[in-house]
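[1] only geometry, no sequence info:
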């Protein structure tokens, strides 16, 4: 679809369809990279192939063919200077931008929430369901971390701006008829922040793209952005002490400092193509996750490749990894706890079954997401 065919809000009124085939609008925060949230949008487009798609900012070149083929409407934020690069600076304008979207004529609105998306104004008589990856982290759980990392000017502005955004975030949650959360962890966060209940529907993971290797190699694997909340420093410090082989895949602001202090047993790779990554998963001794993730797709990918997970006992990993069966946990984000967990794995790792790991990963296949999401939607529109 050409750029000229894109539509900017406000949009024209659409002709309604019979409610048995609801005219559907899918609202996502921004479409700039193909990550977990965008994979959910792809599956929603599979379930509702005639749906129209709305977002704040669009980089069409980075989107999959499935998303590019949809009819996409952007808010006015997309027309602001350097929006694809500076979109986060336009966060205070996004509530108003969402409320300018004209959703009359849609029977069903599905918002995909992690950045501002749920604050649209749905038509009277329509149903608004929200699939929540997380309430906005930078407003709530991670606010002080983001503030500490911000530049001085942004740091000065954040207290007042974010206070108002929190008020809007809570009030706009009342516009949603029902929530689905991507993990039990996020269901609890929704309850705490918005005082709403949510049904847990785990996100889709392409587990069929992975398969076990004949035998693992001696290295451990960590994959992710090298940013503070992912805690890459924890795994570097622990494995420098352990002197066991570790491969770290990822880039980010902490990478240079981590390379400088890492022991010679640690190898860094900024990026891998998918074919190489899937083989790397399958050949690793175990996958390490040190972050508190909302859900965490990488641990499921590791299990799909037949490898166990050593993870911090918090967040979405509690939904995916079975302690003592497909992995093991450590209780605190401290070097000693991770060292102890790896040493325990060194003593017992041979008892973990690749077959059990693959079987567990299958519970998060895209078809399972489709089944549960359709059931969730039908419970509110039929």
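    Structure received. Keep in mind that what you see is a predicted model, and the values were worked out from it rather than measured. Numbering: from 1, shown residues only.
[2] Residue 174: what secondary structure?
    helix (DSSP: H, G, I helix; E, B strand; the rest coil).
[3] now it: how far from residue 128?
    From residue 174 across to residue 128, the span is 10 Å (Cβ to Cβ, to the nearest Å). For the C-beta atoms, the positions are set from N, CA and C on the backbone; glycine is no exception.
[4] Residue 109 now?
    Distance of residue 109 to residue 128, given as Cβ to Cβ: 4 Å.
[5] what does residue 46 give?
    21 Å.
[6] Of these two, which one has the most company?
    residue 128 (22 against 14; other Cβ atoms under 10 Å).
[7] What strand or helix carries the more buried one?
    Following DSSP states H and E, one finds residue 128 within strand 127-132.
[8] What is the neighbour count of the nearest residue to residue 263 once chain neighbours are set aside?
    Among residues not flanking residue 263 along the chain, residue 240 sits closest, at 3.8 Å (Cβ to Cβ, 6 or more residues apart in numbering). Here the count is done by other Cβ under 10 Å, and residue 240 has 17 residues near it.
[9] List phi and psi for residue 240.
    Backbone torsions for residue 240, taken as degrees, to the nearest 10, come to phi -60, psi -40.
[10] Same question for residue 335.
    phi -60, psi -50.
[11] After the lowest-mean-pLDDT helix or strand in the chain, which helix or strand is next?
    Least confident helix or strand, the chain: strand 7-8 with a mean of 44, by mean pLDDT, DSSP states H and E. Remark: after strand 7-8, the chain's next helix or strand is strand 24-28, criterion DSSP H and E.
[12] Next, the angle from that following strand to strand 127-132.
    30 degrees (axes from the mean of the first three to the mean of the last three Cα atoms, to 10 degrees).
[13] now for strand 24-28, which elements pack on it?
    Using 3 or more Cβ pairs under 8 Å, 6 or more residues apart in numbering; DSSP states H and E, the elements in contact with strand 24-28 are helix 36-47, strand 52-55, strand 108-113.
[14] Pick the most deeply packed of these.
    Looking across the helices and strands packed on strand 24-28 with neighbours counted as mean count of other Cβ atoms under 10 Å, the highest average goes to strand 108-113: a mean of 26.
[15] next one: that strand to chain centre, how far?
    Centroid separation for strand 108-113 versus its chain: 16 Å, with Cα atoms, centre = their mean, to the nearest Å.
[16] Direction included, what does it pair up with?
    strand 24-28 (parallel), strand 127-132 (parallel) (DSSP bridges).
[17] Which residue lies closest in space to residue 290, excluding its sequence neighbours?
    In this structure, residue 290 finds its nearest non-sequential neighbour in residue 231, 4.0 Å apart by Cβ to Cβ, 6+ apart.
[18] And that neighbour, how far from residue 245?
    20 Å.
[19] neighbour count winner among those two?
    Using other Cβ under 10 Å, the more surrounded residue of residue 231 and residue 245 is residue 231, with 21 against 16.
[20] quick one, what contacts that one?
    Counting by Cβ atoms under 8 Å, 6 or more residues apart in numbering, residue 231 touches 290-291, 312, 333.
[21] now with 7 Å?
    The contact partners of residue 231, taken as Cβ atoms under 7 Å, 6 or more residues apart in numbering, are 290-291, 333.
[22] re the thing from before, could you export the helices and strands packed on strand 24-28 as a markdown table, including distance to residue 212?
    Formatted as a markdown table, the helices and strands packed on strand 24-28 follow (distance: least, Cβ to Cβ, whole Å):
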| stretch | distance to residue 212 |
| --- | --- |
| helix 36-47 | 23 |
| strand 52-55 | 36 |
| strand 108-113 | 32 |
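[23] Out of those, which gets nearest to residue 203?
    helix 36-47 (5.5 Å; Cβ to Cβ).
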